[in-house]
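K.L.:
have a look; sequence and predicted model below, questions after that.
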Amino acid sequence: MSGRTHARACPERTCVGCRERAAKTGLLRIVAVGDECAPDPRGTLPGRGAYLHPVLGCLDQAVRRRAFTRALRAPGALDTKALRRYVEQATVADEATP
Ligand SMILES: [Zn+2]
């Protein structure tokens, strides 16, 4: 954390898992593609986005509370299998980097 040294604060978003606010850059954007939650690490996919810490703890909380369905205004339950796989890989990659 570098504090607020710049005049332009970096944009903050709320994690749909733990509900903590964090810099947008530290969160993973998620969009609904069909009836699936799709990770959008580059933030380029169109549509409504939800933000999540790319960790399984936050993903689990979000899934348990159906936070994605609500945040993405989905008409029904969203499949999070692909997203979970992505987060698992991101977590492993993160732990491998010192
Ligand atoms: Zn979180």
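P.N.:
Nice, thanks for sending it over.
K.L.:
ends of stretch 36-54, what's the gap?
P.N.:
17 Å (C-alpha to C-alpha, to the nearest Å).
K.L.:
buried ones in the helix or strand containing Ala38?
P.N.:
Assessed by DSSP states H and E, Ala38 sits inside strand 36-39. Across strand 36-39, burial judged by 16 or more other C-beta atoms under 10 Å covers Cys37, Ala38, Pro39. All C-beta spots, glycine's among them, are computed from the backbone N, C-alpha and C.
K.L.:
check contacts around Glu12.
P.N.:
Arg21, Ala22, Ala23, Lys24 (C-beta atoms under 8 Å, 6 or more residues apart in numbering).
K.L.:
ok, and the most crowded of those residues?
P.N.:
When neighbours are counted by other C-beta atoms under 10 Å, Ala22 leads those with 16 neighbours.
K.L.:
which one is that residue nearest to, not counting chain neighbours?
P.N.:
Distance criterion C-beta to C-beta, 6 or more residues apart in numbering; nearest residue to Ala22, sequence neighbours excluded, is Cys15 at 6.0 Å.
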